[in-house]
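*Asks:* Got a predicted model here, sequence first, then my questions.
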Amino acid sequence: MLDDRAVSRQDYDDAASALNQAEADIQYWKAAAETARINLGYTRVTAPISGRIGRSTVTDGALVTAYQPVALATIQQLDPIYVDVAQSTAELLRLNRRLQNGRLNREGTNQNKVKLILEDGTTYPQEGTLQFRDVTVDPTTGSCILRIIFPNPDRVLLPGMFVRAVVKEGVHDQAILIPQQAVSRDVKGNPVTLIVGPEETVQQRALTLDRAIGDQWLVSAGLNSGDRVIVEGIQKVRPGAAVTVAAPETARPESATPTDAQSN
């Protein structure tokens, strides 16, 4: 039409400019609509992980901003759940020495298995797996963290719960345990125990104790396999005295005489 001079050059330029402006407006409003759609998506907060959400720290209608220091709520993953246990560096060094000296065996498929004892003293039915030991020692406590993962299908374990862990990091195939009641102290404070010798006489043995395991002592030196340790009536016998050994299930401590003693 411009070639036919049906319209003036000015009218053509105005119409072309208006068309370009309209196309630009279309792109602008498309971008605005996309921005509004994105902003609308921000109004719906989705959880990045599955789990259970705790109480909200803000109320409905409260003003919140991006990257604010106060979280809207906290989500806890409960199954599986991580259990962090502190291990002292003294115990860690003692464990490493026992492994290096061959007193503990780390081979086997059941190593690094962990049992939990709950606050009420019951044992958690599921068995956990030791994931790793932290390489950093906390200078305030002198301990490092063990990370253990446990299945928790019944939601028995909750975040912040106090538990005790029994970690199987090695096996002592020839360990000797004796009841703590069978161990006494001499005048220097060294641990000793009484055993029944080959001639049915009482003998005193000096012990080297490793650590307590439940109500028993782990003996590292002083006893041999087959030694008969006196656990009842030790207040009534002295080294060198002749005794008659009675099995624990048939002994009668109430009527025990200086010549009666129970042994393990």
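*Replies:* Noted; the coordinates are in hand.
*Asks:* shouldn't Ser184 be in contact with Thr193?
*Replies:* Yes: taking contacts as CB atoms under 8 Å, Ser184 lies within contact range of Thr193: 7.2 Å. Every residue, glycine included, has its C-beta placed from N, CA and C.
*Asks:* neighbour count winner among these two?
*Replies:* Thr193 (23 against 14; other CB atoms under 10 Å).
*Asks:* Surely the more buried one touches Arg185?
*Replies:* No: counting by CB under 8 Å, Thr193 does not reach Arg185; the two are 10.5 Å apart.
*Asks:* Please enumerate the helices of the stretch 1-150 of the chain.
*Replies:* 9-42, 89-100 (DSSP state H, counting those that start in this stretch).
*Asks:* So for the first one, mean pLDDT?
*Replies:* For helix 9-42, the mean per-residue pLDDT is 88.
*Asks:* Report the distance from that helix to the chain centre.
*Replies:* 60 Å (CA atoms, centre = their mean, to the nearest Å).
*Asks:* likewise the last one?
*Replies:* Computed by CA atoms, centre = their mean, the separation of helix 89-100 from the middle of its chain amounts to 19 Å.
*Asks:* Packing partners of it?
*Replies:* strand 143-150 (3 or more CB pairs under 8 Å, 6 or more residues apart in numbering; DSSP states H and E).
*Asks:* got the domain boundaries for this protein?
*Replies:* 1-44, 76-168, 176-263 (automatic domain parsing).
*Asks:* These: which one's closest to Gly51?
*Replies:* Closest of those to Gly51 is domain 76-168, at 4.1 Å (criterion: CB to CB).
*Asks:* quick one: terminal-to-terminal distance for that closest one?
*Replies:* 27 Å (CA to CA, to the nearest Å).
*Asks:* From here on, call the first residue 9.
*Replies:* In the new count, where the first residue is 9, that last one comes out as domain 84-176.
*Asks:* Mind checking the pLDDT average for that domain?
*Replies:* pLDDT averaged over domain 84-176 gives 81.
*Asks:* Distance from it to the middle of the chain?
*Replies:* Worked out by CA atoms, centre = their mean, domain 84-176 lies 4 Å from the chain centre.
*Asks:* same check, this time on stretch 188-201
*Replies:* The answer for stretch 188-201 is 34 Å, by CA atoms, centre = their mean.
*Asks:* burial count for Leu103?
*Replies:* By other CB under 10 Å, neighbour count at Leu103 equals 16.
*Asks:* What residues does Arg52 make contact with?
*Replies:* Arg52 sits next to no residue when contact means CB atoms under 8 Å, 6 or more residues apart in numbering.
*Asks:* err, Gly205, not the other one
*Replies:* Neighbours of Gly205 in contact, by CB under 8 Å, 6+ apart: Gln211.
*Asks:* Model confidence at it, what's the number?
*Replies:* 80.
*Asks:* Same question for the one 10 residues further on.
*Replies:* The score at Leu215 is 86. That number is its pLDDT.
*Asks:* could you list every residue that touches Asp162?
*Replies:* By CB under 8 Å, 6+ apart, Asp162 has no neighbours at all.
*Asks:* No more questions from me, cheers.
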